[in-house]
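Colleague: Sequence and predicted structure, then a few things I'm wondering about:
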Amino acid sequence: MTGQRTSSRPVTTVLGGYLPMLGATAVIVLPLAWMLLATFKNSGEIVSLPIQWLPTSLSPDNYVTASEKAPFGRFFVNSVVVTAVGASIKLVLAVLTAYALVFVRFPAKKAIFALVLVALMVPPHMSLVPNYTLVAGMGGRNTLWGIVLPGLGTAFGTFLLRQQFLTLPASIVEAAEIDGASHWRRLVSVVAPVSAPTIATVALISIVNEWNEYLWPLIITDDPRLMTLPVGLTLLQNIEPGATSWGVLMAGAAFVILPVLVVFAALQRYIVAGLTQGAVTG
Amino acid sequence: MTLAPVTARATTTGAGPDGAPPAGTTDGATKPRPAARRPWRRHRREYLVFLAFALPNLALIAVFTYRPLVLNLYYSTLQWNLGSRTATVVGLDNYVRWFTDPRSLEVLRVTAVFTVATVGATLLLGLLLATVLDRRLHGRTVARSVIFAPYVLSGVGVGMVWLFIFDPTYGALAALLRTWGASSPQWYLDRDWALVMVIVVYVWKNLGYAAVIYLAALQSVPRDVLDAASLDGAGPLRRFWRITVPLLSPTTFFLLVTTVLSSLQSFDLIHVMTAGGPLDGTTTLMYQVYVEAFVTGRAGYSSAISMILFAVLLVMTLGQLRFLEKKVHYA
């Protein structure tokens, strides 16, 4: 706020700037570092008193044990499939719906959009029991499609993309229209390419959400072979209670956390922008 | 895949290229049957395209968001166990039961403490961090990303990591406390400490969201106003409280609404860290909805509680809109 003025006084810059900034960063980084270090500690090192901060070796034993106690390879594949399929269908549906709401003629489009907006505000807990009875009745318990299906309709992506499409200059779509391009062609060759950053943002948010989704997969699966990583992690927690298993549990947590951390590190600009977009426009 | 309806038919008006409006309107007006009354006929191609594009998504939203909303209301009047084929209509009995159960008061207290503490700490710390990151410091973009990172991580994974940190014997926190000569509280066994533990982790995970949004808002605070106040002799603290904070009130308002809603609905952390315990010490309304439906299996009772939670969410949102929005200063 007063950056330029205070930069001339090094004491305030350090005390009111660098010190709290480094402190906050440490508070975020250290727990994650603690997790990573613990995955390499054997059970003796985990329960040693006084505490042993660093592991003596970089042995992958805990990762191996976690995978033996619970099928983490399977969890990982399930999570990848659920995330890939769920996020891509969601993205396609959101792009199509947003395009239709902005560029295709239809009666009462405003009312339809209002219904999408209201759906955005319906708390997810309301649909737990009704969706469980519906999907279980369709035979969707312990299936990957049962995990994916209820989340496919997307109000959030539709909303974000509609707002983006509305900002496009009418002239570029009209030019394609005069050239006789169909709606599909207009969407694929004009609207989608110029909206690529927003589409990428919606894709990334969907991917992260699908990967982390917990409550619904927890309810709809109890067969370890069909569990996703977060559900599998709590299964491991139930199999491996007791202080000596912290190393194994941290390995399980690393399976869930590290992929998202890597994606976030690479693409954080888009993710931060997308997740905070509502605030800037609202 | 949705190509078919677009390319299949010739235009009904017989006019030029697909959907060119001037040709369509003149053409329609000269016809004996007024086309304006038959928009379906005149714009059939457009309407079919709209349906092909939007209907799958709209249908999914209807089935998996709107249908449950209505069904949930109906379920709340049933005495019905999850998975059972039979149910008895009991009217408002489930609601009466919840409101007369002394446990409910405790659930409400836990929910209120959890929400007020997490929202208050997130907003306050988020604002302080944002003012720090608003300075021209080396490495502040990296710091911003690092602080935001926990927000995108799995709540289950994060909860598990912190559960180990809070371990009263072997955890990192216990070790730190020992070096200062203090002993660790019984985070897992004491109701109040368990609630504190869950609140701390929730704030850790969500702080970055508030900080980044406050930071974006801070960067739009006009410099000249601050400079003018500075010339008038206002110190940095005074400028912060009298100028920056009021100018940020729309952002605070937005964050208040969104963080209250997500805090009231939080599940993952509570489930993995305490499972609502010990002795219901961390059972919020949201957690009770889950337990009643999927642990004890009383689906009708759970539906009634989820209606009550829905009512709380509505009242909170509308209340904030009604009473707070007036006080917000829009720049």
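Modeller: Received it, and whenever you're ready, just let me know what you need.
Colleague: any idea how the chain splits into domains?
Modeller: I'll assume chain A. Split into domains by automatic domain parsing, chain A comes to A:3-62, A:63-281.
Colleague: Hmm, no, I was thinking of chain B.
Modeller: Split by automatic domain parsing, chain B gives B:4-75, B:96-327.
Colleague: Tabulate these (CSV), appending mean pLDDT.
Modeller: Below are these laid out as CSV (pLDDT from 0 to 100):
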stretch, mean pLDDT
domain B:4-75, 67
domain B:96-327, 91
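Colleague: Please identify the most buried of those domains.
Modeller: Among these, domain B:96-327 has the highest mean neighbour count (mean count of other Cβ atoms under 10 Å in any protein chain shown), at a mean of 19. The C-beta positions use only the backbone N, C-alpha and C, and glycine is treated the same way.
Colleague: Now residue 257. Nearest residue, chain neighbours left out?
Modeller: I'll assume chain A. B:Gly157 (4.2 Å; Cβ to Cβ, 6 or more residues apart in numbering or on different chains).
Colleague: To clarify, I was referring to chain B.
Modeller: Closest residue in space to B:Val257, ignoring its immediate chain neighbours: B:Gln320 at 5.3 Å, by Cβ to Cβ, 6+ apart.
Colleague: Please tell me how far that neighbour sits from chain A.
Modeller: 13 Å (Cβ to the nearest Cβ, to the nearest Å).
Colleague: quick one, phi psi at that residue?
Modeller: phi -70, psi -40 (degrees, to the nearest 10).
Colleague: right, and it touches B:Thr258 too?
Modeller: No - using Cβ atoms under 8 Å, B:Gln320 is not in contact with B:Thr258, being 10.3 Å away.
Colleague: Mind listing what's buried along stretch A:139-159?
Modeller: Of all the residues in stretch A:139-159, those buried under the rule 16 or more other Cβ atoms under 10 Å in any protein chain shown are A:140-144, A:146-159.
Colleague: before we move on, back to that, so can I have JSON lines of the domains of chain B showing distance to A:Leu128?
Modeller: Below are the domains of chain B laid out as JSON lines (distance: least, Cβ to Cβ, whole Å):
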{"stretch": "domain B:4-75", "distance to A:Leu128": "8"}
{"stretch": "domain B:96-327", "distance to A:Leu128": "6"}
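Colleague: The buried residues of stretch A:139-159 in strands, which ones?
Modeller: Within the buried residues of stretch A:139-159, no residue falls in strands by DSSP state E.
Colleague: can you narrow the residues you listed to ones near chain B?
Modeller: A:149-155, A:158 (Cβ under 8 Å from any Cβ of the partner chain).
Colleague: ok, which pair from the residues you listed is furthest apart?
Modeller: A:Leu149 and A:Thr158 (17.6 Å; Cβ to Cβ).
Colleague: From B:Ile61, how far off is the residue in the stretch 151-282 of chain A positioned nearest to chain B?
Modeller: Going by Cβ to the nearest Cβ, chain B is nearest to A:Gly153 of the stretch 151-282 of chain A, at 2.9 Å. Noted for A:Gly153: a distance of 4 Å to B:Ile61, by Cβ to Cβ, to the nearest Å.
Colleague: Overlap in contacts, those two.
Modeller: Jointly contacting A:Gly153 and B:Ile61 under the rule Cβ atoms under 8 Å, 6 or more residues apart in numbering or on different chains are A:Ala119.
Colleague: Nearest spatial neighbour of B:Phe166, chain-adjacent residues omitted?
Modeller: Closest to B:Phe166 by Cβ to Cβ, 6+ apart is B:Trp187, at 4.4 Å.
Colleague: Show me where chain B has its strands.
Modeller: According to DSSP E, the strands that chain B contains are B:78-79, B:88-89.
Colleague: List the buried residues in the longest helix anywhere in chain A.
Modeller: As assigned by DSSP state H, the longest helix anywhere in chain A is helix A:246-281. For helix A:246-281, the neighbour count (16+ other Cβ under 10 Å) marks A:246-261, A:263-264, A:267-268, A:270-279 as buried.
Colleague: what's the closest residue to chain A within chain B in contact with, if anything?
Modeller: Nearest residue of chain B to chain A (Cβ to the nearest Cβ) works out as B:Leu60 at 2.9 Å. Residues in contact with B:Leu60 (Cβ under 8 Å, 6+ apart) are A:93, A:152-153.
Colleague: so of those residues, which ones are in helices?
Modeller: Those of the contacts of B:Leu60 lying in helices (DSSP H): A:Leu93.
Colleague: Excluding chain neighbours, what is closest to the residue nearest in space to the middle of chain A?
Modeller: When Cα atoms, centre = their mean is applied to chain A, the residue found nearest the centroid is A:Val208 (1.5 Å). Leaving out its chain neighbours, the residue that sits closest to A:Val208 by Cβ to Cβ, 6+ apart is B:Val152, at 5.2 Å.
Colleague: picking that back up, show the contacting residues for the residue nearest to A:Ile257.
Modeller: Per Cβ under 8 Å, 6+ apart, neighbours of B:Gly157: A:230, A:233, A:253-254, A:256-257.
Colleague: which residue ranges form the helices in the stretch 51-200 of chain A?
Modeller: Taking DSSP state H, counting those that start in this stretch as the criterion, the stretch 51-200 of chain A carries its helices at A:61-69, A:72-103, A:109-121, A:128-137, A:144-148, A:155-166, A:170-178, A:183-186, A:192-194, A:196-212.
Colleague: For those, give me a markdown table that also has mean pLDDT.
Modeller: Listed next are the helices of the stretch 51-200 of chain A as a markdown table, based on pLDDT from 0 to 100:
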| stretch | mean pLDDT |
| --- | --- |
| helix A:61-69 | 92 |
| helix A:72-103 | 96 |
| helix A:109-121 | 90 |
| helix A:128-137 | 94 |
| helix A:144-148 | 96 |
| helix A:155-166 | 91 |
| helix A:170-178 | 82 |
| helix A:183-186 | 90 |
| helix A:192-194 | 91 |
| helix A:196-212 | 90 |
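Colleague: Between those helices, which one is closest to B:Thr251.
Modeller: helix A:155-166 (18.8 Å).
Colleague: Who are the packing partners of the closest one?
Modeller: Counting contacts by 3 or more Cβ pairs under 8 Å, 6 or more residues apart in numbering or on different chains; DSSP states H and E, helix A:155-166 is packed against helix A:72-103, helix A:109-121, helix A:196-212, helix A:246-281.
Colleague: The spatially closest residue to B:Val132 that is not a sequence neighbour: which element?
Modeller: Leaving aside its sequence neighbours, B:Val132 sits nearest to A:Pro20 (Cβ to Cβ, 6+ apart; 4.7 Å). Using DSSP states H and E, A:Pro20 maps to helix A:19-38.
Colleague: pLDDT (mean, whole number) over that helix?
Modeller: The predicted model gives helix A:19-38 an average pLDDT of 94.
Colleague: Could you check how far the closest residue to A:Val27 other than its chain neighbours is from B:Ile165?
Modeller: In space, A:Val27 comes closest to B:Trp204 once its chain neighbours are excluded; the distance is 7.3 Å by Cβ to Cβ, 6+ apart. For B:Trp204, the distance to B:Ile165 (Cβ to Cβ) stands at 10 Å.
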